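>>> Let me see the structure of the following:
(one chain, ligands or ions: 1)
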Amino acid sequence: MRILSLYKSHFTKLASRRNFHRTAPVLNLLIEKPEFSWLKDLGLESDNKGVFDGQWKAGSGQVVESICPSNNEPIARISTGTISDYNQAVNNAKEAWQVWSEVPAPQRGEIVRQIGHALREKLQLLGKLEALEVGKIALEGVGEVQEFIDICDYAVGLSRMLPGQVFPSERPGHALLETWNPVGLVGVITAFNFPIAVYGWNAAIALTCGNSVLWKPATTVNLSTIAVNKIMVDVLESNNLPPAVCSLVCGGADVGEALANDSRVDLVSFTGSTPVGRKVGTTVQNRFGRKILELGGNNAVIVMDDADLDLVVVGTLFGSVGTQGQRCTTTRRLIVHEKVYDQVLERLKKAYKQVRIGDPLEDGILYGPMHSKAGVDLYKKTVAEARALGGTIEVGGEVIDRPGNYVEPTIVTGLAHDSPLVLRESFVPVLFVLKLKGGIDEAIQWNNEVEQGLSSAIFTKNLGDVFKWMGPKGSDCGLVNVNIGTSGAEIGGAFGGEKATGGGRESGSEAWKQYMKRSTCTINYSKDLPLAQGIKFE
Ligand code: NAD
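Modelled structure (predicted):
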């Protein structure tokens, strides 16, 4: 590919030198084609600098191409960073923190408000970029950017409300306070499937709390990352603030490992798969660092015999097919009471067959390609394993014969609820439908028997079942829904999960506390020095 492109550019130069009239230029990258010129409005070019450490730099690592999943053509090139680029970025982000941490919180909130405003202006373009680079439909791409904007709004409010407590002291003439300070530098490692929102969850809150942020994105979504970081840097620069507050190193696992291992990074926020999260978590723990882990999910929907089946079909369809099964909250297991099993399966099969598959940039399309060829391979492996285990492919099951990484959304029945394949998170659009013969207790047991504990949902009108589901012996997940699917959380509530999902909450509710350190301050304003608990040391 590289040799071919060098040849083409050499030929184009020769052609113009010899004055070959009107020879159409050979366009290797999508960004060079007129229909994708809108990418330049996001500050993207054919060759992009993949490191920002206060200045945009072509990293000294590999030059990689970002590939469009709907046709596997290169969009643009990125010079990625090495460990040495990373080290410089950490130093500069730390230095920038010296200034940023002294900006009063409400003024930091004002900067985050401006970032939200700047994102609003590019909302549609960023959504399109996600469709082009990640492969999610443009509407979902726009929704993802909207999530970042919403978090900015949330953070602006937070900036004027960051609390601290005053406790009554048991000693006369003493005050007992709790104060919160920024941790320092927050390293954010993100996954391919939500390149913008996940960073936004972290960055908006971390910045408001007074931290610098260093971002290490997934290797295949560098353009979305660079476009977003440019917006943030522009806001910082236009306010005469040190832009290294928002640093970025596009790079591979080596950069991620260095970040996890680096005691200069005061908090590591990692979003990704459970196996990689386990490594990162252990590395950070080894140095007694702080961490937030947002890992995989193997999410179930339970359908009881009194459920509103119209809601079930709509909620399950979006949950299982949205983003081509590549959401951490994707519905992977559908546990259906035997009394309504046949009806639910038939209706769902019909709905699956009506899903409009195509180019994620086109209006009306609901389902695009897998993000990468690796995703197609995993899909083939998952379907083959389902067949080998005796499962029935009710709908789908094939790779679609067209350019790009398209596979059919798939429903499998006939596997045991505890089959190893059903218990595993396979990041593909394959839904396992399981027949439930018992009641709510068995349903909860099946829901809880997987390694992860991210999202879960029950469809029922029975209040007793609802409260059992939400109670101490109910769902063991972080997201516990009723009559709504597993996907599509709002930003106000804390987002994250238990067990092998990592236990972290990057945003919503009181997540801000993780981006700050707490000090308990006892102030003596008397002339005596009494000890607590009445101890006399005389
Ligand atoms: P991944 O684990 O392969 O990669 C995630 C990030 O880790 C990438 O930036 C990658 O470059 C980096 N990385 C890889 N090896 C590393 C190492 N040894 N040390 C440090 N960093 C390393 O995940 P993915 O395939 O990009 O994303 C899909 C996974 O992410 C799924 O399991 C999904 O459920 C999960 N996810 C979870 C959430 C959540 O909020 N819980 C959100 C999105 C995605």
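>>> From here on, just use CA atoms for contacts and neighbour counts.
Noted.
>>> ok, the residue lying closest to Gly391 once chain neighbours are set aside - contacts?
Nearest non-adjacent residue to Gly391, counting by Cα to Cα, 6 or more residues apart in numbering: Gly414, 4.8 Å away. Going by Cα atoms under 8 Å, 6 or more residues apart in numbering, Gly414 touches Gly390, Gly391, Thr392, Val433, Leu434.
>>> got a pLDDT number for Gly414?
Looking at Gly414, its pLDDT is 98.
>>> swap in Gly488?
Value listed for Gly488 in the pLDDT field: 87.
>>> any idea how far the ligand is from it?
11 Å (Cα to the nearest ligand atom, to the nearest Å).
>>> Please apply the same query to Tyr406.
Tyr406 is 17 Å from the ligand, by Cα to the nearest ligand atom.
>>> could we number from 620 for the rest of this?
I'll keep to 620 as the first residue from here, and by that count the last item is Tyr1025.
>>> Please indicate which of the contacts of Gly1033 are buried?
The neighbour count (16 or more other Cα atoms under 10 Å) marks Gly1010, Thr1011, Val1052, Leu1053 as buried among the contacts of Gly1033.
>>> what separates the first one from the ligand, distance-wise?
The reference is to Gly1010. Counting by Cα to the nearest ligand atom - Gly1010 and the ligand are separated by 24 Å.
>>> can you check Lys835 too?
Taking Cα to the nearest ligand atom, one finds Lys835 at 6 Å from the ligand.
>>> thinking that residue is in contact with Val868, fair?
Yes: with contacts counted by Cα atoms under 8 Å, Lys835 reaches Val868, the gap being 5.4 Å.
>>> Find residues that contact each of these two.
Val874.
>>> ok, Ser1138 - how many residues close by?
Counted by other Cα atoms under 10 Å, the residues lying close to Ser1138 total 12.
>>> With the one 4 residues further on instead?
Using other Cα under 10 Å, the number of residues around Ile1142 comes to 12.
>>> Now do the phi/psi pair for it.
phi -120, psi 120 (degrees, to the nearest 10).
>>> so what's it closest to, chain neighbours aside?
Ala794 (5.1 Å).
>>> Which strand or helix spans the one you found?
Using DSSP states H and E, the element containing Ala794 is strand 793-801.
>>> And that strand, what's buried?
Using 16+ other Cα under 10 Å as the test for burial, strand 793-801 gives His793, Ala794, Leu795, Leu796, Trp799, Pro801.
>>> Could you list the buried residues of the helix or strand following it?
On the C-terminal side of strand 793-801, the closest following helix or strand by DSSP H and E is strand 804-808. Buried positions in strand 804-808, judged by neighbour count with 16+ other Cα under 10 Å: Leu804, Val805, Gly806, Val807, Ile808.
>>> One more: stretch 728-745?
Within stretch 728-745, the residues scored as buried using 16+ other Cα under 10 Å are 728-739, 741-745.
>>> For stretch 1099-1115, what is the distance to the chain centroid?
Here stretch 1099-1115 is found 14 Å from its chain centre; the criterion is Cα atoms, centre = their mean, to the nearest Å.
>>> returning to that earlier point: the buried residues of strand 804-808 into CSV, with extra columns for distance to the ligand and pLDDT?
CSV is the format used below for the buried residues of strand 804-808 (distance: Cα to the nearest ligand atom, whole Å; pLDDT from 0 to 100):
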residue, distance to the ligand, pLDDT
Leu804, 17, 99
Val805, 14, 99
Gly806, 11, 99
Val807, 9, 98
Ile808, 5, 98
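>>> Could you single out the nearest of the contacts of Gly1033 to Met923?
Leu1053 (12.3 Å; Cα to Cα).
>>> Tell me which residues touch the closest one, please.
Applying Cα under 8 Å, 6+ apart, the residues near Leu1053 are Arg952, Leu953, Ile954, Val955, Thr1032, Gly1033, Leu1034, Ala1035, His1036.
>>> For the helix or strand where Trp716 lies, give me every contacting residue.
Element membership for Trp716 (DSSP H and E) is helix 702-719. Residues outside helix 702-719 that contact it (Cα under 8 Å, 6+ apart): 670-673, 678-679, 803-804, 829-833, 860-868, 873-874, 877, 883-884.
>>> Verify the stated contact: Glu856 with Ala863.
No: between Glu856 and Ala863 there is no contact under Cα under 8 Å: 9.7 Å.
>>> who has more neighbours, the two?
Neighbours per residue, other Cα under 10 Å: of Glu856 and Ala863, the larger number sits with Ala863, 27 against 13.
>>> residues contacting that one?
Per Cα under 8 Å, 6+ apart, neighbours of Ala863: Phe671, Asp672, Gly673, Gln674, Ala708, Asn711, Ala712, Ala715, Ser831, Val852.
>>> Around the ligand, which positions in the stretch 1020-1157 of the chain sit nearby?
Applying Cα under 6 Å from any ligand atom, we find that the stretch 1020-1157 of the chain lies next to the ligand at Gly1115.
>>> And the closest residue to the ligand within the stretch 1020-1157 of the chain, which helix or strand is it part of?
The ligand sits closest to Gly1115 of the stretch 1020-1157 of the chain, with a gap of 5.6 Å, by Cα to the nearest ligand atom. Taking DSSP H and E as the definition, Gly1115 sits outside all helices and strands.
>>> Wait, it touches Leu1098, no?
Yes: contact criterion Cα under 8 Å: Gly1115 and Leu1098 qualify, at 7.1 Å.
>>> When those two are compared, which one has more neighbours?
Gly1115 (27 against 23).
>>> quick one on the thing from earlier: and the helix holding Trp716, how far out from the chain middle?
Centre-to-centre, helix 702-719 and its host chain are 24 Å apart (Cα atoms, centre = their mean).
>>> Quick check: buried residues in that helix?
Buried residues in helix 702-719 (16+ other Cα under 10 Å): 702, 704-706, 708-709, 711-717, 719.
>>> And for stretch 1026-1044?
Within stretch 1026-1044, the residues that count as buried by 16+ other Cα under 10 Å are 1026-1036, 1040-1044.
>>> for the residues you listed, which one is nearest Lys1000?
Nearest member of these to Lys1000, counting by Cα to Cα, is Leu1040, at 10.6 Å.
>>> For the helix or strand hosting that closest one, output the C-alpha coordinates as PDB.
Using DSSP H and E, the element containing Leu1040 is helix 1039-1042. Output of helix 1039-1042 as PDB, limited to C-alpha atoms (Å, rounded to 0.1, in the frame of the first residue of the first chain):
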ATOM      1  CA  PRO A1039     -19.000 -20.800  27.800                       C
ATOM      2  CA  LEU A1040     -19.900 -18.900  24.700                       C
ATOM      3  CA  VAL A1041     -22.900 -17.300  26.300                       C
ATOM      4  CA  LEU A1042     -20.900 -16.400  29.400                       C
END
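>>> Next secondary structure element downstream of that helix?
Using DSSP H and E, the helix or strand that follows helix 1039-1042 in sequence is strand 1049-1055.
>>> average pLDDT across the helix or strand following that following strand?
Next along the chain after strand 1049-1055, taking DSSP H and E as the criterion, comes helix 1059-1067. For helix 1059-1067, mean pLDDT rounds to 98.
>>> And stretch 1082-1100, by the same measure?
In this model, stretch 1082-1100 has an average pLDDT of 98.
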